[in-house]
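>>> just to be clear, the model below is a prediction. Sequence and coordinates:
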Amino acid sequence: MGTDAKRLGQVGEQAAAEYLRRAGYRILARNYSCGAGELDLICRREDCLIFVEVKTRAADAPADPEETITRFKQRQVERVARAWLAAHGEPDCAYRFDAVSVVMSAQGEPRVRHIIDAFVPSR
């Protein structure tokens with residue numbers, strides 16, 4: 001990943017974290033990494049644990065950011081979530097997989113879209 005793309009991703013993750021915090025989510029972990037991969041955000045809201053994949057694009061990108069969350073990426077996010085759960089103990093609550101789509105405008109203001117239950121884990 002190039003420096004510009006990496007910086008764009010970091011700005012998008014920050015915008016996503018701020019958006020979720022304002023919406024009442026408590027951020028438990030950012031950029032959680034293990035042998036299975038990396039997970040952008042792990043949050044809790046009320047009685048639910050939320051694993052969040054953040055996708056960021058510039059305004060002139062040809063596709064919406066969330067369209068790049070492939071089946072392969074979904075399975076990787078699931079594996080990392082399972083590793084986090086194993087390391088932290090089974091939660092006493094439900095959990096789900098969300099996505100946050102961030103599109104950066106030419107003026108630098110992010111447009112954030114939160115997709116609840118973006119995908120259902122495989123069994």
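Sure, I can see it.

>>> how near is the closest residue to R26 other than its chain neighbours to V52?
In this structure, R26 finds its nearest non-sequential neighbour in R44, 5.0 Å apart by CB to CB, 6 or more residues apart in numbering. (Each C-beta comes from the backbone N, C-alpha and C, glycine too.) Counting by CB to CB, to the nearest Å, the separation of R44 from V52 is 11 Å.

>>> who has more neighbours out of those two?
V52 (25 against 15; other CB atoms under 10 Å).

>>> could you check the pLDDT of that one?
You'll see V52 listed with a pLDDT of 97.

>>> centre of the chain to the longest helix anywhere in the chain, how far?
Secondary structure of the chain per DSSP state H: the longest helix is helix 3-22. Put simply, helix 3-22 sits 10 Å off its chain's centre (CA atoms, centre = their mean, to the nearest Å).

>>> next structured bit after that helix?
Using DSSP states H and E, the helix or strand that follows helix 3-22 in sequence is strand 26-34.

>>> residue contacts, the closest residue to S105 other than its chain neighbours?
Ranked by CB to CB, 6+ apart and with sequence neighbours excluded, the top spatial neighbour of S105 is A59, at 5.0 Å. The contact partners of A59, taken as CB atoms under 8 Å, 6 or more residues apart in numbering, are 103-106.

>>> so which of those residues is the closest to D117?
V103 (20.8 Å; CB to CB).

>>> hmm, E109 and that closest one touching each other?
No. Using CB atoms under 8 Å as the test, V103 is too far from E109 to be in contact (9.7 Å).
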